[in-house]
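A.B. asks: just coords:
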Ligand SMILES: Cc1cc2nc3c(=O)[nH]c(=O)nc-3n(C[C@H](O)[C@H](O)[C@H](O)COP(=O)(O)OP(=O)(O)OC[C@H]3O[C@@H](n4cnc5c(N)ncnc54)[C@H](O)[C@@H]3O)c2cc1C
């Protein structure tokens, strides 16, 4: 080991909502473990610090997006980005986690050595360019699921001719002025339905231009159940009760959509009809061709999108872009949209483990060749876990459980003197399937680079919170798939006398 290389028991990568949560679980459940957090940016918060577009907010409720261990006490259940950022930062401060973060350390490569039972992790300082090497026994990736450098923008013809401004929501800057201007928001996902009503407050007009419709559901911004409960019982109890209520309602809704897609579709479309009136061409703009939850369902707080459409400050156009023109966008139907500002809410570029280059005992690992174990570790990759949330429920629900499992695993290894834990595929007929089963463009564009899932536990990703409580929270650590070994750690070998 190089003299100035620091060594930790656990290295967490990322100081977003997951990384801060991971640190809390680790220092609470494994207080003997030395850990640090390497964060590529210069601040805490990840997504909630990066995204600065108008109206940025959660699209699931904060009782389930919040941590299990720290009540969300603000009145809004669907919360704005700055409040979520403050919650994550407060949590880091409250538990002394902020002192453990090394900012401006972008992790690029990790090399596992079985004889050393260690990862050698290489990070590049984003402020000085310097390469920093750190060693750890366990690498916990809390690096999110998308590329921070750039969002996804399709190649639209004619953009160079357009005289207005084109901006991707991931690159929003405070100087972008849209008051009194004509705005086109391209897209119909969570970001687009957030942007449209917010920008419509001051823009001359906002058009949401979508290729095809998405399921949009109105939900109350404040949770009445939580508001009443908070007046009667402690904040902690009110939070726990509301969290469970929302978990169960969310699961029931997801189950209903999958079990009875036609009825679920009728229910959701009926909601839009009620909000926009019978004269609105619902079929054209709000009835998707796919079944509910084949892609993410978009939530709009207090129906703000519908209100903006009703008041004619915003409108929806379902069409395809032919080309940008100097003054706007020409559509395939021949219609044109005049615009001063175009926002390309066309999505994210997904990335697995932040495109980390990994090798195990000198062998390069292509994650696409691995199988995901319990949706969080990877076959033949020892002592590495990924904190990745649900696609059909709040992200943090799964991350909290993943952290509990990692802590149980680490404590199990310590108790038995093991230094290495590695999931091995021992089922010759395991069927390999894509890790995510969403038909959305952003998933389909990158799913080939993702690890695979199997057809049964522990290789199957069930996306089911209750099942995960059972398996991640209480399931046997030594399940016959996770293998353990006790390599002598070089840094712990005592020099022999003589
Ligand atoms: C606009 C928006 C709204 C969303 N709303 C919701 C919602 O309502 N509900 C929900 O469940 N989910 C939502 N999501 C998904 C959301 O990203 C997650 O809920 C959650 O914030 C992810 O947290 P994270 O800590 O895992 O990842 P991130 O927030 O992405 O944080 C990852 C951190 O790791 C750092 N990092 C990454 N790679 C490296 C590296 N190689 N080296 C060092 N540091 C690294 C990043 O700089 C970042 O700080 C939303 C996403 C977006 C973009």
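C.D. replies: All right, it came through fine. From a predicted model like this one, the values you see are computed outputs, not experimental measurements. Residues are numbered from 1 along each chain as shown.

A.B. asks: helices or strands up against the longest strand anywhere in the chain?
C.D. replies: When the chain is parsed with DSSP state E, its longest strand is strand 131-141. In this structure, strand 131-141 packs against strand 6-13, strand 118-125, strand 384-386, helix 395-416, with contacts taken as 3 or more Cβ pairs under 8 Å, 6 or more residues apart in numbering; DSSP states H and E. (C-beta placed from N, C-alpha, C; glycine too.)

A.B. asks: So which of these is the most surrounded?
C.D. replies: Using mean count of other Cβ atoms under 10 Å, the stretch among the helices and strands packed on strand 131-141 with the largest mean neighbour count is strand 384-386, at a mean of 25.

A.B. asks: strands paired with that one, and their directions?
C.D. replies: Here strand 384-386 has these sheet partners by DSSP bridges: strand 131-141 (parallel).

A.B. asks: If we go by neighbour counts, what in the partner strand is buried?
C.D. replies: When burial is assessed from 16 or more other Cβ atoms under 10 Å, strand 131-141 yields the following buried residues: 132, 134-141.

A.B. asks: The stretch 151-300 of the chain against the ligand: which residues are in contact?
C.D. replies: residue 191 (Cβ under 6 Å from any ligand atom).

A.B. asks: what's the distance between residue 362 and the ligand?
C.D. replies: Separation of residue 362 from the ligand (Cβ to the nearest ligand atom, to the nearest Å): 22 Å.

A.B. asks: which residues sit in contact with the residue in the stretch 201-350 of the chain that the ligand sits nearest to?
C.D. replies: Here the stretch 201-350 of the chain gets closest to the ligand at one residue, residue 348, 6.5 Å apart by Cβ to the nearest ligand atom. Taking Cβ atoms under 8 Å, 6 or more residues apart in numbering as the criterion, residue 348 is in contact with 145-147, 151-152, 170, 442.

A.B. asks: quick revisit: next, format the helices and strands packed on strand 131-141 as TSV and append distance to the ligand and mean pLDDT.
C.D. replies: Output for the helices and strands packed on strand 131-141, formatted as TSV (distance: least, Cβ to the nearest ligand atom, whole Å; pLDDT from 0 to 100):
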stretch	distance to the ligand	mean pLDDT
strand 6-13	5	98
strand 118-125	6	98
strand 384-386	9	98
helix 395-416	3	97
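
A.B. asks: And these: which comes nearest residue 453?
C.D. replies: With Cβ to Cβ as the criterion, residue 453 lies closest to strand 384-386 of those, at 13.1 Å.

A.B. asks: Contacts for that closest one, please.
C.D. replies: 110, 112, 119, 138-143, 353, 358, 376-378, 402, 405-406, 409.

A.B. asks: can you pull out the helices in this structure?
C.D. replies: Counting by DSSP state H, the chain has helices at residues 17-29, 47-50, 62-65, 81-94, 190-200, 224-232, 235-259, 261-276, 282-286, 304-310, 395-416, 441-446, 465-468.

A.B. asks: which stretch in those helices has the least confidence?
C.D. replies: Lowest mean pLDDT of the helices of the chain: helix 441-446, a mean of 83.

A.B. asks: Quick one: residues in contact with that helix.
C.D. replies: Here helix 441-446 makes contact (Cβ under 8 Å, 6+ apart) with 152, 347-352, 436, 438.

A.B. asks: Tell me the gap between it and the middle of its chain.
C.D. replies: Distance, stretch centre to chain centre, for helix 441-446: 15 Å (Cα atoms, centre = their mean, to the nearest Å).

A.B. asks: And stretch 164-171, by the same measure?
C.D. replies: Put simply, stretch 164-171 sits 22 Å off its chain's centre (Cα atoms, centre = their mean).

A.B. asks: Tell me the buried residues in it?
C.D. replies: Within stretch 164-171, the residues scored as buried using 16+ other Cβ under 10 Å are 164-170.

A.B. asks: Isn't residue 61 up against residue 78?
C.D. replies: Yes - with contact defined as Cβ atoms under 8 Å, residue 61 and residue 78 form a contacting pair (6.3 Å).

A.B. asks: who's in contact with the closest residue to the ligand within the stretch 51-200 of the chain?
C.D. replies: The minimum distance from the stretch 51-200 of the chain to the ligand, using Cβ to the nearest ligand atom, falls at residue 144 (2.3 Å). When contacts are counted by Cβ under 8 Å, 6+ apart, residue 144 touches 14, 16, 18, 46-47, 354.

A.B. asks: okay if I get these as CSV plus neighbour count and distance to the ligand?
C.D. replies: Formatted as CSV, the contacts of residue 144 follow (neighbours: other Cβ atoms under 10 Å; distance: Cβ to the nearest ligand atom, whole Å):
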residue, neighbour count, distance to the ligand
14, 24, 3
16, 25, 2
18, 31, 3
46, 24, 2
47, 22, 3
354, 20, 3
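
A.B. asks: Let me know the closest of those to residue 177.
C.D. replies: For these, the closest approach to residue 177 (Cβ to Cβ) belongs to residue 47, at 24.8 Å.

A.B. asks: Excluding chain neighbours, what is closest to the closest one?
C.D. replies: Once flanking residues are discounted, residue 47 sits nearest to residue 16: 6.0 Å by Cβ to Cβ, 6 or more residues apart in numbering.

A.B. asks: Strands of the stretch 351-498 of the chain, start to end?
C.D. replies: Assigned by DSSP state E, counting those that start in this stretch, the stretch 351-498 of the chain shows strands spanning 357-360, 363-365, 372-373, 377-378, 384-386, 420-423, 433-434, 452-453, 482-485.

A.B. asks: Tell me the buried residues in the last one?
C.D. replies: What it means is strand 482-485. Buried, per 16+ other Cβ under 10 Å, within strand 482-485: 482, 484.

A.B. asks: Use 13 as the first number for this chain going forward.
C.D. replies: Renumbered: residue one is now 13, and that last one reads strand 494-497.

A.B. asks: Which other helices and strands does that strand contact?
C.D. replies: Checking 3+ Cβ pairs under 8 Å, 6+ apart, strand 494-497 ends up next to helix 407-428, strand 432-435.

A.B. asks: tell me the mean pLDDT over that strand?
C.D. replies: Strand 494-497 shows a mean pLDDT of 96.

A.B. asks: pLDDT score for residue 179?
C.D. replies: 97.

A.B. asks: From residue 332, how far out is it?
C.D. replies: Distance, residue 179 to residue 332, by Cβ to Cβ, to the nearest Å: 21 Å.

A.B. asks: low-confidence ranges in the stretch 313-462 of the chain?
C.D. replies: Scanning the stretch 313-462 of the chain for pLDDT under 70 picks out 441.

A.B. asks: Residue numbers of it in contact with the ligand?
C.D. replies: Counting by Cβ under 6 Å from any ligand atom, the stretch 313-462 of the chain comes close to the ligand at 366, 399, 401, 406-407.

A.B. asks: Determine which two of the residues you listed are furthest apart.
C.D. replies: Distance extremes for those: the farthest pair is 366 and 406 at 21.3 Å, using Cβ to Cβ.

A.B. asks: which non-adjacent residue is nearest residue 328?
C.D. replies: Nearest non-adjacent residue to residue 328 (Cβ to Cβ, 6+ apart): residue 297, at 4.4 Å.

A.B. asks: From residue 250, how far off is that neighbour?
C.D. replies: Counting by Cβ to Cβ, the separation of residue 297 from residue 250 is 38 Å.

A.B. asks: What residues does the stretch 13-162 of the chain have near the ligand?
C.D. replies: 25-31, 50-53, 58-59, 63, 68, 70-72, 77, 117-119, 154-156, 160.

A.B. asks: From start to finish, how long is stretch 57-67 in a straight line?
C.D. replies: End-to-end distance of stretch 57-67 (Cα to Cα, to the nearest Å): 17 Å.

A.B. asks: For residue 269, list the residues it contacts.
C.D. replies: The contact partners of residue 269, taken as Cβ under 8 Å, 6+ apart, are 276, 303-305, 309.
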